[in-house]
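S.K.: below are the sequence and a predicted model for it; my questions follow.
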Amino acid sequence: MSSQADKSVVTTSVILLSALVLLATVLFLVAALIGVVNSVAPDDGSRKQAAVIDRIQPVARVSTALPKPAGEVKMTGQEVYNKVCAACHAAGVLGAPKTGDKTLWEPRFAQGLDTLVTHAVTGIRAMPAKGGDPSLTETHIKDSIIYMLGESGIKVEATPVAAAPVEAAPAPAQTAPETAAPAPAQ
């Protein structure tokens, strides 16, 4: 029996030693895991705050600054009229003189082309400045006014600023031919 008792003691010792090695391995792995967990920086809410700020960002921003044109776009008076002016002047919206109605345009033209251009550039009554398109230049506005006057049967000589004083003196003599000249052309 002694050999069986010796076997039992050896078996018990091997099992006990194996259990201790297994326990030491588990304790070592737990200690390593605790070390990794403690090395992670605590969450101070900054990531959550950044996520909230990203979610509530506005979709667009409003700017009150006037856009600067990239370069002057070449457009004819008719193109400017079709793009901007026709919205109101084709139908006479809010008292805008209808294109083609000479009786509405004559009193305005009597004030002078420069006055019409100034009113169109700065805005007058219900008309916004530059017809609501800030990218238009004064030249675009002037060309579109000349186009509308021409469509209304009023002939306008588009002269450069230097030539205007030369023609300013015979203006009373020009008034009669202006009204007579368009009639034979039409």
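M.R.: Alright, I've got the coordinates.
S.K.: dump the residue contacts of residue 116.
M.R.: Contacts for residue 116 (C-beta atoms under 8 Å, 6 or more residues apart in numbering) come out as 108-109, 145. (Glycine included, C-beta is placed from N, CA and C.)
S.K.: out of these, which end up buried?
M.R.: 108-109, 145 (16 or more other C-beta atoms under 10 Å).
S.K.: gap between the closest residue to residue 144 other than its chain neighbours and residue 34?
M.R.: Excluding the flanking residues, the one nearest residue 144 by C-beta to C-beta, 6 or more residues apart in numbering is residue 80, at 3.9 Å. Distance of residue 80 to residue 34, given as C-beta to C-beta, to the nearest Å: 76 Å.
S.K.: which one of the two has more residues nearby?
M.R.: Neighbours per residue, other C-beta atoms under 10 Å: of residue 80 and residue 34, the larger number sits with residue 80, 26 against 10.
S.K.: what's the helix or strand for the spatially closest residue to residue 96 that is not a sequence neighbour?
M.R.: Among residues not flanking residue 96 along the chain, residue 88 sits closest, at 4.2 Å (C-beta to C-beta, 6+ apart). Per DSSP states H and E: residue 88 is located in helix 86-89.
S.K.: ok, residues contacting that helix?
M.R.: Counting by C-beta under 8 Å, 6+ apart, residues outside helix 86-89 touching it are 81, 93-94, 96-99, 127, 131, 148.
S.K.: out of those residues, who's nearest residue 119?
M.R.: residue 127 (7.5 Å; C-beta to C-beta).
S.K.: so what's the closest residue to that closest one other than its chain neighbours scoring on pLDDT?
M.R.: Excluding its sequence neighbours, the residue lying closest to residue 127 (C-beta to C-beta, 6+ apart) is residue 96, at 6.7 Å. pLDDT recorded at residue 96 is 89.
S.K.: show me what contacts residue 96?
M.R.: 88-89, 126-127.
S.K.: pull out the buried members of the residues you listed.
M.R.: 88-89, 127.
S.K.: and which of these is nearest residue 76?
M.R.: residue 89 (16.0 Å).
S.K.: mind listing what's buried along the longest helix along the chain?
M.R.: Determined from DSSP state H, the single longest helix within the chain is helix 2-39. Within helix 2-39, no residue is scored as buried using 16+ other C-beta under 10 Å.
S.K.: list the contacts for residue 122?
M.R.: residue 129.
S.K.: try it again at 10 Å.
M.R.: 128-130 (C-beta atoms under 10 Å, 6 or more residues apart in numbering).
S.K.: restrict those to the buried ones and give me that as a ChimeraX selection.
M.R.: Buried members of the contacts of residue 122, defined by 16+ other C-beta under 10 Å, are picked up in ChimeraX with:
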select :129,130
